[in-house]
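Asks: Give me a 3D structure for the following:
(2 chains)
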Number of protein chains: 2
Amino acid sequence: MKLIVTKENLKKGLFAVSRVVGSGNPLQVLNNILIKTDQGRVKFSATNLEIGVNTWVGGKTEKEGALTVPARLINEYVNNLPTEKVTLEGTEGNTLKLDSENYHTNIKGLPAEDFPLIPQVTEEPFAKIDASEFKDALAETIWASSNNETQPEISGIFMAFEDEKIRIAATDRYRLAERTATLKTAARVVKEVIVPSRTVSELYKILSVGAGEVEIYFSESQVLFKFDDTELISRLIDGQYPDYRQIIPKEFKTEVEVEREEFIHALKAAALFVPDSNNITVEVKAAGITVSASSMAAGENTTQIKAKVSGSDNSAVFNFRYLLDCLNNLSEAIVKFKMINDASPASLAPLKRDNYVYIVMPIKL
Amino acid sequence: MKLIVTKENLKKGLFAVSRVVGSGNPLQVLNNILIKTDQGRVKFSATNLEIGVNTWVGGKTEKEGALTVPARLINEYVNNLPTEKVTLEGTEGNTLKLDSENYHTNIKGLPAEDFPLIPQVTEEPFAKIDASEFKDALAETIWASSNNETQPEISGIFMAFEDEKIRIAATDRYRLAERTATLKTAARVVKEVIVPSRTVSELYKILSVGAGEVEIYFSESQVLFKFDDTELISRLIDGQYPDYRQIIPKEFKTEVEVEREEFIHALKAAALFVPDSNNITVEVKAAGITVSASSMAAGENTTQIKAKVSGSDNSAVFNFRYLLDCLNNLSEAIVKFKMINDASPASLAPLKRDNYVYIVMPIKL
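Replies: Numbering: from 1, shown residues only, chains lettered A, B, ... in the order given. So this is what the prediction gives:
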């Protein structure tokens, strides 16, 4: 292998794949990035066996070939390099020779043949979606999934393709976030999948670099997201996602329109006074919301927020983190908070948008 | 105690003293900040028994008094507060009541009497120095002191006051940084002290907030630095500072004028290839400097830097961190690097400034 690439392209290629690489994996090749000449471009690949990423950048191929090198070392080396162009050459003993003006370096690598095969998905795209729309939908949902690996199906993110819509949901059984977004080309059949959280987090980061269109492909047990010059391939989670729609209440007793920032400040102030629990009290009366918390050790805090209230007075205890997670990830100035009673789900949503719902269970003391 | 203070002043006062406060100290009062009305202003104090900090901000006293509250809690509370003015009131059970518009809070505290006395230094200032000059001098020296607590005298920073000059030095016996600065009023007598590193680091941070003049006071075993509305009081380290001036070579065999940034890039590139040691080779020939390093595991790197060389060819092995520490803390574009041989001290200094010298020992392999 011998190729010439600009430092910017080299950095871009390495950066796009590096997040999935481990650093202390006992299987050394999993700490490495595969660099390969590919039809006049340079292909970078990385995998942690659950997720694989491929990306392509421009470069001048002088001799075809492939080699793997430690991700951390080559990233740090290239980030420090003050020069503009780099010649990469595979040499004896699986060593990558990097020459750039007055900088001459050999990085010990491993043969490309040792690198795990990242499966190819060759079908037609199943669906297409605008990258920015997809990113926004993920931002409002993916943090609501469960960290509990003993319940694999809710540790992932649910995606349901139904005609021209994608419905994205995440839950840990105590709260639920659901967002609907519009596809650019309708899905060919109705399809429901569970994508690992880590894959979706990585997808979110990949979508953050620019605008465009995401193509979504499926094989039997895998999904591929293609955006720009980058492919993200992941296994799907096997299992039945809970039929969460039945727990979304149809009617509430109390509806409040409240400034999102004010609600956040009040929750954060109260949170400081419950160092040993996450339990804060939210009380709604005609004048607005009162958020309060107290503990023997720290003291107590009460904040009153003016708000537009309709329906009956109400009060419940919530995990403040569950409320903040949602409020912090919305962008609208005013949100709608709805309650039934101290033992039934409450809901949060932007005031004027009907493609999103967040449901949170109160804490029973 | 009852007083009214703007949130900005409250934040400023808390911020100025909070860095010296611990958070898990078993003696609870050492995790607290003392808030006290003082002649129409509000005084904030904190101490870790080695260093004490006092600062004063404007505020309206309604009732004299004092109280201590946990530093972390009040800082986080005030930082989150979206309002402009806060009323602080001492109430029953050593509780601090904070009222600010719709935010009502009680923070559990401890009586002011439990707070350790921070010694007062009441003499005339021993010396005065421009804050920005002092800060620059500290920036170029203080990182060179020893972390080894078994050698307490070199774990601190040496300050010698001689007429209109202050000489600041730090060493760990393998390297030495010395900077001379001009006093605004000459010291009344020659005086040499060793100030704990942590005190000097804190002083550096205090000086970073603005311009002005620093007053330096001494009592028998303590130093007080006064800047703006803040006082920093610290014990001095007892002991004899090594007579380091004797190890500064009078003459060198090789002198190199090199671009500081280029030298930094070359050292950082080499550093990546010695994961198990810090040893890189610096070789000087007529054309310039060659920096190189290699290891079995990672590979090897060689960087050539053009430089203006006079004197003989030379080569030595250095701890790259010792060279980077100095280069990163200078600001000039060109530095002068001087060597004798592979077993004698080398030196680094800005090209056109004679108030600074840095000496570093090569590594004997």
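
Asks: and chain A, which of its residues are near chain B?
Replies: Neighbours of chain B within chain A, by Cβ under 8 Å from any Cβ of the partner chain: A:70, A:73, A:76-77, A:80-82, A:95, A:102-108, A:261-262, A:265-266, A:268-269, A:272-273, A:297-306. In this view, the C-beta of every residue, glycine as well, is placed from N, C-alpha and C.

Asks: So what touches stretch A:275-282?
Replies: A:267, A:270-271, A:274, A:289-293, A:295, A:297-298, A:315-321, A:323, A:363, A:365 (Cβ atoms under 8 Å, 6 or more residues apart in numbering or on different chains).

Asks: circling back: which of the residues of chain A next to chain B fall in strands?
Replies: Residues of these located in strands (DSSP state E): A:70, A:95, A:103-108, A:299-306.

Asks: Would you mind listing which of the residues you listed are buried?
Replies: Buried positions within those, assessed by neighbour count (16 or more other Cβ atoms under 10 Å in any protein chain shown), are A:70, A:95, A:103-108, A:299-305.

Asks: Which member of the residues you listed is positioned nearest residue A:119?
Replies: Each of those was scored against residue A:119 by Cβ to Cβ, and residue A:70 proved nearest at 23.9 Å.

Asks: Now do that closest one against residue A:38, distance only.
Replies: From residue A:70 across to residue A:38, the span is 21 Å (Cβ to Cβ, to the nearest Å).

Asks: contacting residues for residue A:98?
Replies: A:77, A:86, A:87, A:88, A:104, A:105, A:106, A:107.

Asks: Could you dump the residues you listed into a markdown table with pLDDT added?
Replies: Below are the contacts of residue A:98 laid out as a markdown table (pLDDT from 0 to 100):
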| residue | pLDDT |
| --- | --- |
| A:77 | 98 |
| A:86 | 98 |
| A:87 | 98 |
| A:88 | 98 |
| A:104 | 98 |
| A:105 | 98 |
| A:106 | 98 |
| A:107 | 98 |
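
Asks: For residue A:53, list the residues it contacts.
Replies: Residue A:53 neighbours (Cβ under 8 Å, 6+ apart): A:16-17, A:19-20, A:45-47, A:202, A:206, A:230-233.

Asks: What's opposite it in the beta bridge?
Replies: When assigned by DSSP bridges, residue A:53 has beta-bridge partners residue A:46, residue A:232.

Asks: again, but for the one 5 residues further on
Replies: Here residue A:58 sits in beta bridges with residue A:41, as judged by DSSP bridges.

Asks: Surely it is in contact with residue A:39?
Replies: No. Assessed by Cβ atoms under 8 Å, residue A:58 is found out of contact with residue A:39, at 11.5 Å.

Asks: what residue ranges in chain A score low on pLDDT?
Replies: Judged against pLDDT under 70, chain A has no low-scoring part.

Asks: how about the helices in it?
Replies: For chain A, the helices defined by DSSP state H occupy A:7-18, A:71-80, A:131-139, A:152-155, A:197-207, A:260-271, A:320-329.

Asks: buried sites along the fifth one?
Replies: Neighbour-count burial for helix A:197-207, counted by 16+ other Cβ under 10 Å, picks out A:197, A:198, A:199, A:200, A:201, A:202, A:203, A:206, A:207.

Asks: How about the contacts made by the first one?
Replies: In this case it means residue A:197. Applying Cβ under 8 Å, 6+ apart, we find residue A:197 in contact with A:142, A:145, A:155, A:156, A:157, A:170.

Asks: Spatially, which two of these are the most separated?
Replies: Top of the distance list for those (Cβ to Cβ): A:142 and A:155, 11.5 Å.

Asks: Nearest spatial neighbour of residue A:72, chain-adjacent residues omitted?
Replies: residue A:23 (5.4 Å; Cβ to Cβ, 6 or more residues apart in numbering or on different chains).

Asks: err, residue A:115, not the other one
Replies: residue A:34 (4.7 Å).

Asks: ok, now how distant is residue A:260 from chain B?
Replies: 12 Å (Cβ to the nearest Cβ, to the nearest Å).

Asks: Number of residues surrounding the closest residue to that residue other than its chain neighbours?
Replies: Distance criterion Cβ to Cβ, 6+ apart; nearest residue to residue A:260, sequence neighbours excluded, is residue A:335 at 4.9 Å. Residue A:335 sits with 22 neighbouring residues when counted by other Cβ atoms under 10 Å in any protein chain shown.

Asks: Check residue A:365 too.
Replies: Neighbour tally, residue A:365, other Cβ under 10 Å: 8.

Asks: And residue A:58 and residue A:39? Which one has more around it.
Replies: residue A:58 (14 against 8).

Asks: Which residues are in contact with the more buried one?
Replies: By Cβ under 8 Å, 6+ apart, the contact list for residue A:58 reads A:5, A:6, A:9, A:41, A:42.
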